[in-house]
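Engineer: Generate coordinates for the sequence data below:
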Amino acid sequence: MASEFLHHLGHRVAAGLVVVPSGTNAPFNTRTNIDVIEAGHPTPDEGSERAGRRALALAAGTPAEACLVVLLSGGASALVAAPADGVTLEEKRTVTRELLRAGADICALNTVRKHLSIVKGGRLAADCRAPVVTLAISDVVGDDPSAIASGPTVPDPTSFSDALTALRDHGVQDRIPAAVLRHLEAGTRGERAESPKPGDSRLRRSRFHLIGSARNAIEGAAGAAGSLGYSVHVHATAVVGEARDAALAHLETAARILHDLPRPACILSSGETTVTVSGTGRGGRNQEFALASAPLMRSLGEVAAIASLGTDGIDGPTDAAGAIADTTTVERARHAGLRPLSDYLDNNDAYTCFSALGDLVRTGPTGTNVGDIQVILVA
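Structural biologist: As a prediction, this is how the structure comes out:
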């Protein structure tokens with residue numbers, strides 16, 4: 001996004017900040033008026049905090065007669081993080097880790113993040129005197145502007161009370177640092193300033209435009225599959241919920257769809273699942289989705305395959321975008337001397353299993369993020 005914007009309008013940019021995941025090769029890092037900061041994802045690091053404070057300074061320093069353009073994509077909740085007063089970065093990291101391990105979806109996670117931040121939940125735009133234009137690519141189901149990257153430039157409909165409820169609902173309140181609980185409880189009592197709400201005058205000059213979402217990825221995949229001779233069905237219902245449960249439900253739905261779909265067939269879907277971590281293995285939600293699908297693949301046909309992939313090329317804390325399972329996965333695992341697939345699933349260790357089978361999908365970071373997609377192919 002930054003590369004394209006600078007290509008077309010770079011001559012009008014007075015100053016800028018680009019925040020990228022650690023290890024990303026930024027092609028514009030020689031421009032003297034653009035700061036490039038590498039930061040952590042999916043949990044924030046010191047680079048994330050530096051980026052958050054730099055973003056706030058840039059917004060506050062934008063002259064009223066200029067315009068602040070915010071190029072926003074999924075992942076920015078972690079990449080741009082400035083903790084609220086009284087909360088440390090490490091404490092905020094702990095909250096993020098505990099919620100992720102408990103299987104919190106992005107809405108619950110971002111509700112808490114927004115109330116531990118001085119950037120998120122509309123606060124970035126509220127600090128700017130100039131007009132703010134946000135061009136956003138969505139990685140969240142439903143494309144809610146307040147959920148994409150925790151909505152730093154749009155009103156926040158959630159509250160401190162909602163954040164506390166999210167912690168309790170996921171059973172992590174006893175594992176949360178005391179300073180975090182004190183901050184959220186003080187906010188619930190009205191002793192901390194709430195995030196800007198709909199109608200807040202500080203956001204009246206802020207405009208939000210959605211320029212990309214999972215729909216674009218699905219349309220591209222459908223076009224490619226059609227050109228290869230597949231009969232394509234796009235499943236409109238988002239694939240959400242616990243990854244292993246969502247996989248079973250999705251395959252049941254796919255079997256019904258395939259009953260009337262000419263072969264070869266392709267079923268496309270998108271969404272974002274969660275994983276409640278109880279094991280000590282390695283993986284991500286897409287790899288776990290594929291692993292849970294493997295034993296049921298023959299219910300789709302003699303020759304069938306499923307891929308579940310993160311469009312950013314990153315699935316959990318791994319170097320894979322996701323994985324592929326097919327009608328031979330179970331047999332190949334047995335011949336390779338692997339443990340039963342259920343053992344890997346119980347230990348949240350899909351990465352180890354698929355790595356041994358050669359069925360991880362590694363794209364490297366793609367430079368964009370519109371959530372996850374699932375592809376089913378049946379010969």
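
Engineer: Helix, strand or coil: sort out Arg207 for me.
Structural biologist: strand (DSSP: H, G, I helix; E, B strand; the rest coil).

Engineer: Could you tell me the per-residue confidence at the nearest residue to Pro196 once chain neighbours are set aside?
Structural biologist: Spatial nearest neighbour of Pro196, chain neighbours left out: Gly122 (3.7 Å); criterion: C-beta to C-beta, 6 or more residues apart in numbering. For every residue, glycine as well, the C-beta is placed using N, CA and C. For Gly122, the model assigns a pLDDT of 97.

Engineer: Repeat that for Gly229.
Structural biologist: Gly229 carries a pLDDT value of 98.

Engineer: Correct me if wrong: the residue nearest to Pro196 contacts Val154.
Structural biologist: Yes. Here Gly122 reaches Val154: they are 5.7 Å apart, a contact under C-beta atoms under 8 Å.

Engineer: which residues are common contacts for these two?
Structural biologist: Contact criterion C-beta atoms under 8 Å, 6 or more residues apart in numbering; residues shared by Gly122 and Val154: 203, 206.

Engineer: Show me where the stretch 1-150 of the chain has its helices.
Structural biologist: Taking DSSP state H, counting those that start in this stretch as the criterion, the stretch 1-150 of the chain carries its helices at 2-9, 46-60, 76-79, 89-101, 106-114, 123-126.

Engineer: what's the closest of these to Ala236?
Structural biologist: When these are compared by C-beta to C-beta, helix 106-114 sits nearest Ala236, at 19.8 Å.

Engineer: Which neighbouring elements make contact with the closest one?
Structural biologist: helix 76-79, helix 89-101, helix 160-169 (3 or more C-beta pairs under 8 Å, 6 or more residues apart in numbering; DSSP states H and E).

Engineer: Among those, show me which one is buried the most.
Structural biologist: Greatest average neighbour count among these goes to helix 76-79 (a mean of 26), per mean count of other C-beta atoms under 10 Å.

Engineer: Which strands or helices does that one pack on?
Structural biologist: So helix 76-79, by 3+ C-beta pairs under 8 Å, 6+ apart, packs with strand 16-21, helix 46-60, helix 106-114.

Engineer: Just give the number of residues close to Gly358.
Structural biologist: Neighbour count of Gly358, defined by other C-beta atoms under 10 Å: 9.

Engineer: So it versus Thr329, what's the distance?
Structural biologist: Noted for Gly358: a distance of 11 Å to Thr329, by C-beta to C-beta, to the nearest Å.

Engineer: Then Ala225?
Structural biologist: Here the criterion is C-beta to C-beta. By it, Ala225 lies 21 Å from Thr329.

Engineer: Those two: who's more crowded?
Structural biologist: It is Thr329, of Ala225 and Thr329, that has more neighbours when counted by other C-beta under 10 Å, with 24 against 21.

Engineer: I'd like to know how far the more buried one sits from Ala221.
Structural biologist: For Thr329 relative to Ala221 (C-beta to C-beta), the value is 22 Å.

Engineer: Same check on Gly61?
Structural biologist: In terms of C-beta to C-beta, Gly61 sits 42 Å off from Ala221.

Engineer: Looking at these two, which one has more neighbours?
Structural biologist: Ala221 (18 against 14).

Engineer: Doesn't that one lie inside a helix?
Structural biologist: Yes. Checked against three-state DSSP, Ala221 lies within a helix.

Engineer: So it is in contact with Ser270, correct?
Structural biologist: No. With contact defined as C-beta under 8 Å, Ala221 does not count as touching Ser270 (9.3 Å).

Engineer: Common neighbours of those two, please.
Structural biologist: Listed contacts common to Ala221 and Ser270 are Ile373; contacts here mean C-beta under 8 Å, 6+ apart.

Engineer: Low-confidence regions, the chain specifically.
Structural biologist: Across the chain, the ranges flagged by pLDDT under 70 are 26, 28-30.

Engineer: in it, which spans are strands?
Structural biologist: 16-21, 34-39, 68-73, 132-137, 206-212, 231-234, 239-242, 265-274, 304-310, 322-326, 360-361, 372-378 (DSSP state E).
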